[in-house]
Each structure stands twice: as C-alpha cells, then as structure tokens.
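**Q** Structure for the following, please:
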Amino acid sequence: MANNKILVVDDDPNIAQLINVYLTREGYEVETCDRGDKAVEHFKANPPNLMLLDLMLPGMDGMMVCREIRKTSNIPIIMLTAKDDTFDKVLGLELGADDYMVKPFEMKELLARIKAVLRRYQTGTDAPAKELSFPGLTVNISSYTCFYRGKELDMPPKEIELLYFLASHPNIVFTREQLLEQVWGYDFFGDSRTVDVHIKRLREKLPNCEELGWQLRTVWSVGYKFEVK
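**A** Residues are numbered from 1 along each chain as shown. I've put the predicted structure just below:
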C-alpha cells in the first residue's frame, strides 16, 4: 500500500496498541509515540504520510505539536481526544488539523476517515493538472497551490480542497453536510462547525475578493456557495 505510513501519538498505551493492531491488519505501517515533543522529533527524522494526534500529551500538547508540524508540512493530521469541547475542536481545526474525532470512537469510522483524508491528499505525479482560475485567483488541486492577487497563499490541504470544490460549482449552494461528505469524504457524523471554521479561514485569506467579482457567500439557514457575479 502506497503512502501508508501512519504515526500514532497517544500517551494511552491501550489506545495506541489497539489502533496499531487494527491499522497494521489493514496494511498500514504504524509507528507510535507517547509524548508530544518526541512526536515532533520523530516527524522531522522520519515523516509519516498521516498523523493521528492526541490532544492531551506530556512534553508538548497536541495543539502545540500541530502548530509545529504546520510550520513545515501539510501532511494530514487527525486529532484524537477525550475532550468534546467545541472550543478545542475549533482551535484544533484553526491550527491546521484536517479532522477531529472524540474518544471513544469506532475503528471502522477511524479507518474510513483515514482513507478519505489520504485519498484526497495524495495526488499522482502523472495526473493531469486540475486548475481553476478566476480574476485574481488560481487554485490547483494537483499541486495543492492557491494564488491570490499574484501571491501564493499558505493553505492546509483541506482548505484548498474546500475552495476548489466550491469554485468548481459556482453559484450552487451546498449544505454543511454535503460539504463534509464531498470534501472530507465521509458521511456526516455530527459537527458542522468543521465546515464553518474552514470557511472562516478562507475568508481571512481572501479579503476583498468581492471586488474581483466573486466571493464565498453564506446562504443563511442553508449553507455556502462560491458566488460569481
């Protein structure tokens, strides 16, 4: 299996072992780490294709680990935590996590999310370029790049995927649930704030875009659309 190296960062040995056994059985190469600071060192020495990251860790918490990883890499990060607080979810997503699962969780659901994230993150080098262009904006889903007003933006993969999907369907309104299914790649499991946070971050990075004849628009009580005038 290509792109199959996963780093599990969790200080609960039972959970780490359970994930290790399950994912190994599914064909993944799994390594584990029980400290946040050690996880950053491990990542720099031997980068994985995906990281499962607990929030509460000794040495360095999951938020700090995510922040450090995002300074140099856009690898997929799925946060795992026993905390079901909206603030922590939103903060984790704002720091660049691609997904967020609350313990306890079903292993089948975790596997589905891992496959979805990797499927959307990894693009073949021989694949034809998929690029969208609007005034002042170019989004390329093959190279995972986004240029706005001539400047390349620093965007995590999920933000680029969300922007690309909406821009691929101009003036069509999508509900949060539809966006979760289409962009995140799994059926809606519960937290629509995931979409809201990513839309908020996109708007911050694309200021005054309405001057160019397009914008990310909220359709109240429905969802979002990429509006082109």
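**Q** Pull the contacting residues for the residue nearest the centre of the chain.
**A** Central residue of the chain (C-alpha atoms, centre = their mean): residue 98, 2.0 Å from the mean position. Counting by C-beta atoms under 8 Å, 6 or more residues apart in numbering, residue 98 makes contact with 76-78, 117, 121, 156-158. To be clear about C-beta, it is placed using only N, CA and C from the backbone, and glycine gets the same treatment.
**Q** Give me the subset of these lying in strands.
**A** Taking DSSP state E as the definition of strands, these contribute 77-78.
**Q** residue ranges of the strands in this structure, please?
**A** Remark: strands assigned in the chain by DSSP E are 5-9, 29-33, 50-54, 77-81, 99-102, 131-134, 137-140, 145-148, 151-152, 174-175, 214-219, 223-228.
**Q** Check whether residue 213 really touches residue 170, as I assumed.
**A** No. The criterion here is C-beta atoms under 8 Å, and residue 213 misses it with residue 170 at 10.8 Å.
**Q** tell me, what's touching the two both at once?
**A** Counting by C-beta under 8 Å, 6+ apart, the common neighbours of residue 213 and residue 170 are residue 228.
**Q** Where does pLDDT dip in the chain?
**A** For the chain, the stretches with pLDDT under 70 are 1-3, 83-94, 120-129, 185-191.
**Q** which helix is the longest one in it?
**A** In the chain, taking DSSP state H as the definition, the longest helix is helix 107-121.
**Q** Direction-wise, compare that one with strand 77-81 and give the angle.
**A** Between helix 107-121 and strand 77-81, the angle comes out at 160 degrees (axes from the mean of the first three to the mean of the last three C-alpha atoms, to 10 degrees).
**Q** what residues does helix 107-121 touch?
**A** Applying C-beta under 8 Å, 6+ apart, the set of residues contacting helix 107-121 is 3, 6, 18-19, 22-23, 26, 28, 49-50, 52, 75-76, 78, 98-99, 101, 157, 161, 183-186, 189.
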